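In: Here is my input; please provide its structure:
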Amino acid sequence: NALVAAEAHVTDWWTVRAFVAQDHMMTCDAAGADCGSSNTTDYGFGVGFGWHTTDGSTLNLDMEVNQSIFSNPSGYLSGYAGDLADGTITLSYSF
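Out: A predicted model of the protein is given here:
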């Protein structure tokens, strides 16, 4: 398994991140024959927003989108490609 990720702070309240992950696999049957190998690649990007209030509280919004949205972006945006199960959105408030 290999994972490369990068994160950059655009401003003090905005962060962007990206990742690429690769899995390399080799399989054989119990006798050690019929061996094969495969490789899978996953990639995505994320955006994070964070705000601090005057009383010391914070509001954070993190979003991650995986590769399937890139194959049919108009279908996802219009709602005809199903739900956005390949992404996550987290909203948190700390006080």
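In: Can you list the residue ranges for helices in this protein?
Out: Counting by DSSP state H, the chain has helices at residues 68-71, 73-78.
In: hey, what's A2 bridged with?
Out: When bridges are called by DSSP bridges, A2 pairs up with Q22.
In: What pLDDT does the model give it?
Out: Per-residue confidence at A2 stands at 88 (pLDDT).
In: list the contacts for it?
Out: Applying C-beta atoms under 8 Å, 6 or more residues apart in numbering to A2 gives the contacts 21-22, 24. Quick note: C-beta positions are derived from backbone N, CA and C, even for glycine.
In: residues contacting T58?
Out: Contacts of T58 by C-beta under 8 Å, 6+ apart are 50-52, 93-94.
In: and D55, backbone torsions?
Out: For D55, the backbone dihedrals are phi -90, psi 10 (criterion: degrees, to the nearest 10).
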